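*Asks:* Just need the structure, nothing else, for what follows:
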Amino acid sequence: MNKKLRVQLAAWYLAFFSVLFVLLGLVLYGVLSASLERRLDEALVTQANTAAALLGEEWGEMHGDAQAAASGVIAEMAPRSSTVAILLGDAMLASSMPPGADLRPAAAKVLAAGDSLWRWDDWGKYGARGSVRAISIGQRRFVVMAIEPLDSIALELRVVRDTLWLVIPLLLAAAGIGGYWLARRGLAPLDSMAAQSQKITGDSLHTRLHIGDAAEELTTLAASFNELLSRLDQSFESMRRFVQDASHELRTPLAVIQAEADVALSRDRSAAEYQESLAAIQEESRRLSRLVDDLLNLASADAGHVRLRVEELYLNDLVSECCRSVKPMAAARGVELQYLSSPDVNVRGDEELLRRMVLNLLDNAIRYTPSGGSVSAGVEIAGSEVIIRVADTGIGIAPDVSPHVFERFYRADKARSRQEGGFGLGLSIVKWIAESHHGAVELATQPGCGSTFTVHLQKG
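*Replies:* Model prediction:
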């Protein structure tokens, strides 16, 4: 895959420079061709003007002899140009042209068009450029022509073309090799990352990628991959701890059920003894069923399979009903439960899940509040938020423990929690329900002074 990417990058690099070099060659060729023709035209105009000026001088010296004056101009201009011709009307007076060449039609056509420069394609292999100037001396009208073959320009352009045909392929070959080398060098850190990542397994997620002093983009990619590894490491660790804790929690009730069954079946017993064993098995089965239900709910939440049945409801009535439901439990433990009444507070949410969230908070507060303590619950409105607050005067939570209370199966006092029938999943479910309603839950606690759980929800 990386080799293919190198080839693709090198191919794009080569294609880019191919277009660039070809365009550069065409531009240079065009500029050079135009420059050579412009210089030739300037030289021809100068020669035509010079020949016209000399014709005037020769005319005076020859006392009006047109033929002699034209021949004198040709003799004097011969070393300066390839061809000079002087016409009087339609008659050719003098010319340095090859024998048989007739420029009179071309001169007439150029003068009729009002031009001073023209191209003659019938001259030689590559044609010629010419400059024409009409002058009047006395009562006579002369036409002076300066002509230069394009052979020299064609030769120079041919040298340039041959050079471009030779140089451009060499440059493209160098560009292709250089592009591949640059692509290989630039992607070398990716090879290192791939080699390192292939060595990472589920047991070595703590490993991080190192690419040294690479480009900023690759450094960012490596940092993102390392962050992903950190999240995976945390997730795997949570899963391992979750499996261990779940196995431990499941083992206890199953061991009790098996032990009770073994004792009951070891010998014949009275009806009362069988009833006692069945009651113990029933209690552990109910406890096991609650644990399995909680695990299934959390698993469904993690997989995103839980769909909220959102409806309008009055949150103050829901909290009040939850307080009435757990009041017997609080009374049995000698804990005073108080509901702080509030005006009607309307929210949108899943009534069943919100009820379970409040019940879990109340159950947790009552379980960890000693006899003689108190628990209070109430609903408040703070701007666009609705706040559910459950406070107790219980044992509180140590500062080093409080960040973990919402983790699954986490219990500060494992022995006491197990005796109380808890699994360490209640607050995890509270957090999930709050977040599924786009809210959050916070904990404020002080050891020996109690705890306060605050749930923030959006108003309906």
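*Asks:* I'd like to know which elements the helix or strand where N49 lies is packed against.
*Replies:* In the assignment (DSSP states H and E), N49 maps to helix 2-61. Packing partners of helix 2-61 (3 or more CB pairs under 8 Å, 6 or more residues apart in numbering; DSSP states H and E): helix 66-77, strand 83-88, strand 117-120, strand 128-137, strand 140-149, helix 151-198. In short, each C-beta sits where N, CA and C put it, glycine included.
*Asks:* Which of these has the highest mean neighbour count?
*Replies:* Burial of these is given as mean neighbour count (mean count of other CB atoms under 10 Å); strand 83-88 ranks first at a mean of 23.
*Asks:* Tell me which helix or strand comes right after it.
*Replies:* Using DSSP H and E, the first helix or strand after strand 83-88 is strand 91-95.
*Asks:* Direction included, what does that following strand pair up with?
*Replies:* strand 83-88 (antiparallel) (DSSP bridges).
*Asks:* Same list (the helices and strands packed on helix 2-61) but as CSV, adding distance to D233 and mean pLDDT.
*Replies:* Supplementary listing: those in CSV, determined by distance: least, CB to CB, whole Å; pLDDT from 0 to 100:
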stretch, distance to D233, mean pLDDT
helix 66-77, 94, 82
strand 83-88, 90, 82
strand 117-120, 80, 74
strand 128-137, 81, 82
strand 140-149, 83, 83
helix 151-198, 14, 82
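*Asks:* Point out where the stretch 1-150 of the chain drops to low pLDDT.
*Replies:* Scanning the stretch 1-150 of the chain for pLDDT under 70 picks out 1-3, 79-82, 97-115, 120, 122-124.
*Asks:* on that earlier part again, indicate which one of the helices and strands packed on helix 2-61 is closest to A94.
*Replies:* helix 66-77 (3.8 Å; CB to CB).
*Asks:* Show me what whatever helix or strand Q338 lives in is packed up against.
*Replies:* Using DSSP H and E, Q338 falls within strand 336-340. When contacts are defined as 3+ CB pairs under 8 Å, 6+ apart, strand 336-340 sits against helix 315-332, strand 374-382.
*Asks:* pLDDT weak spots in the stretch 351-460 of the chain?
*Replies:* Looking at the stretch 351-460 of the chain by pLDDT under 70, you get 408-424, 460.
*Asks:* Quick one: the strands in it, in order.
*Replies:* Counting by DSSP state E, counting those that start in this stretch, the stretch 351-460 of the chain has strands at residues 374-382, 385-392, 440-446, 450-458.
*Asks:* For G25, see how far away L172 is.
*Replies:* Separation of L172 from G25 (CB to CB, to the nearest Å): 11 Å.
*Asks:* Deepest-packed of the strands of the stretch 351-460 of the chain, please.
*Replies:* Ranked by mean neighbours (mean count of other CB under 10 Å), those are led by strand 385-392, with a mean of 22.
*Asks:* Need the contact partners of that one.
*Replies:* 315, 319, 345, 347, 358, 361-362, 365-366, 368-369, 373-381, 450-459 (CB atoms under 8 Å, 6 or more residues apart in numbering).
*Asks:* Walk me through which strands it pairs with, and which way each runs.
*Replies:* strand 374-382 (antiparallel), strand 450-458 (antiparallel).
*Asks:* now for those strands, which one comes closest to G212?
*Replies:* Of the strands paired with strand 385-392, nearest to G212 by CB to CB is strand 450-458, at 45.5 Å.
*Asks:* okay if I get the strands paired with strand 385-392 as TSV plus distance to T163?
*Replies:* Formatted as TSV, the strands paired with strand 385-392 follow (distance: least, CB to CB, whole Å):
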stretch	distance to T163
strand 374-382	82
strand 450-458	76
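*Asks:* and V31, which of the ones you listed is closest to it?
*Replies:* strand 450-458 (70.2 Å).
*Asks:* who does the strand holding Q338 pair up with?
*Replies:* Within its sheet, strand 336-340 is paired with strand 374-382 (parallel), according to DSSP bridges.
*Asks:* Show residues contacting the strand it pairs with.
*Replies:* Residues from elsewhere that reach strand 374-382, judged by CB under 8 Å, 6+ apart: 315-316, 319, 322-323, 330, 335-342, 345, 358, 361-362, 365-366, 369, 386-393, 459.
*Asks:* care to break the chain down by domain?
*Replies:* The chain is divided into the following domains under automatic domain parsing: 2-155, 216-303, 310-458.
*Asks:* right, so the ones you listed: which one is the most enclosed?
*Replies:* Highest mean neighbour count among these (mean count of other CB under 10 Å): domain 310-458, with a mean of 17.
*Asks:* Now the terminal residues of that one, how far apart.
*Replies:* End-to-end distance of domain 310-458 (CA to CA, to the nearest Å): 13 Å.
*Asks:* isn't T445 right next to I395, touching?
*Replies:* No - applying CB atoms under 8 Å, one finds T445 not in contact with I395, separated by 9.5 Å.
*Asks:* E284 and V256: what is the separation?
*Replies:* Counting by CB to CB - E284 and V256 are separated by 5 Å.
*Asks:* I misspoke; the intended subject was Q275.
*Replies:* Distance from Q275 to V256, by CB to CB: 16 Å.
*Asks:* of all the helices and strands packed on helix 2-61, which lies closest to A34?
*Replies:* Among the helices and strands packed on helix 2-61, helix 151-198 sits nearest to A34 (CB to CB), with 10.7 Å.
*Asks:* Could you check the angle that closest one makes with strand 128-137?
*Replies:* 140 degrees (axes from the mean of the first three to the mean of the last three CA atoms, to 10 degrees).
*Asks:* Can I get stretch 32-49 as CSV, trimmed to CA atoms?
*Replies:* The C-alpha trace of stretch 32-49 is given here as CSV (Å, rounded to 0.1, in the frame of the first residue of the first chain):
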residue,chain,number,x,y,z
LEU,A,32,12.7,33.4,-29.1
SER,A,33,11.0,33.0,-32.5
ALA,A,34,9.1,36.3,-32.1
SER,A,35,12.3,38.0,-30.9
LEU,A,36,14.3,36.9,-33.9
GLU,A,37,11.6,37.9,-36.4
ARG,A,38,11.2,41.3,-34.7
ARG,A,39,15.0,41.9,-34.9
LEU,A,40,14.9,40.9,-38.5
ASP,A,41,12.0,43.2,-39.3
GLU,A,42,13.8,46.1,-37.6
ALA,A,43,16.9,45.4,-39.6
LEU,A,44,14.9,45.2,-42.9
VAL,A,45,13.2,48.5,-42.2
THR,A,46,16.5,50.1,-41.5
GLN,A,47,18.0,48.8,-44.7
ALA,A,48,15.0,50.0,-46.7
ASN,A,49,15.2,53.4,-45.2
